[in-house]
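# Would you be able to build a 3D model of this:
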Amino acid sequence: MVESIARVRHIRVTPQKARRVVALIKGKQAQEALAILKFAAQSASEPIYKLVASAMANAQVKADRDGEYLDEQDLYVVNAYVDEGTTLKRFRPRAQGRAFQIKKRTSHITVVLSTPEVATAAEGESKKKASK
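Just a heads-up that it's a prediction; the model follows:
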């Protein structure tokens, strides 16, 4: 019954490209997600790989702190999402003395890992709140 969250902010990957990679790992087992990300051709897969590995380490530390046993095979990617970060605005020279704006987009990526017991308990609580 361990849940861990890992976030990376202001990563220099466009949100649209990062969302394509995050969609590959949603709902997968954490070890399987790492294997998928390791061989994914997209450039966003490397920082997301590190993020999933960090979330797994966070879960292990949290379990050790609480005195619980945690097998890494039990961790699943319950939720993973990408939010848009700040946009760096740069200018490039163009023909006839003009300047065009270049937008360098950044992303905030969040990965939530959990064991199956926590996922079912959270669903039960949300159903109770919805019925009230």
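# for this protein, which helix is longest?
helix 45-66 (DSSP state H).
# can you list contacts of that helix?
Residues outside helix 45-66 that contact it (Cβ atoms under 8 Å, 6 or more residues apart in numbering) are 2-8, 11, 13, 18, 21-22, 25, 30, 33-34, 37-38, 69-70, 72, 75, 77, 109, 111-113. No exception for glycine: its C-beta is placed from N, CA and C like everyone else's.
# Verify the contact between E72 and Q31 for me.
Yes - E72 is within contact range of Q31, at 6.4 Å (criterion: Cβ atoms under 8 Å).
# picking that back up, just the buried ones among the contacts of helix 45-66, please.
Buried residues within the contacts of helix 45-66, counting neighbours by 16 or more other Cβ atoms under 10 Å: 2-6, 8, 11, 13, 18, 21-22, 25, 30, 33-34, 37, 70, 75, 77, 109, 111-113.
# Quick check: the gap between G97 and F91.
12 Å (Cβ to Cβ, to the nearest Å).
# Of those two, which one has the most company?
Taking other Cβ atoms under 10 Å, G97 and F91 do not tie; F91 has more neighbours (10 against 6).
# Check what pLDDT the residue sitting furthest away from the middle of the chain gets.
Relative to the C-alpha centroid of the chain, counting by Cα atoms, centre = their mean, Q96 is the outermost residue, at 43.7 Å. Looking at Q96, its pLDDT reads 94.
# Please apply the same query to the one 10 residues further on.
With respect to pLDDT, T106 scores 96.
# How about the contacts made by it?
H10, I11, R12, V13, E84, G85, T86, T87, L88.
# Could you export those residues to JSON lines, including columns for pLDDT, distance to E46 and secondary structure?
Below are the contacts of T106 laid out as JSON lines (pLDDT from 0 to 100; distance: Cβ to Cβ, whole Å; DSSP: H, G, I helix; E, B strand; the rest coil):
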{"residue": "H10", "pLDDT": "96", "distance to E46": "16", "secondary structure": "strand"}
{"residue": "I11", "pLDDT": "95", "distance to E46": "10", "secondary structure": "strand"}
{"residue": "R12", "pLDDT": "95", "distance to E46": "12", "secondary structure": "coil"}
{"residue": "V13", "pLDDT": "95", "distance to E46": "9", "secondary structure": "coil"}
{"residue": "E84", "pLDDT": "96", "distance to E46": "20", "secondary structure": "strand"}
{"residue": "G85", "pLDDT": "95", "distance to E46": "17", "secondary structure": "strand"}
{"residue": "T86", "pLDDT": "96", "distance to E46": "21", "secondary structure": "strand"}
{"residue": "T87", "pLDDT": "96", "distance to E46": "22", "secondary structure": "strand"}
{"residue": "L88", "pLDDT": "96", "distance to E46": "20", "secondary structure": "strand"}
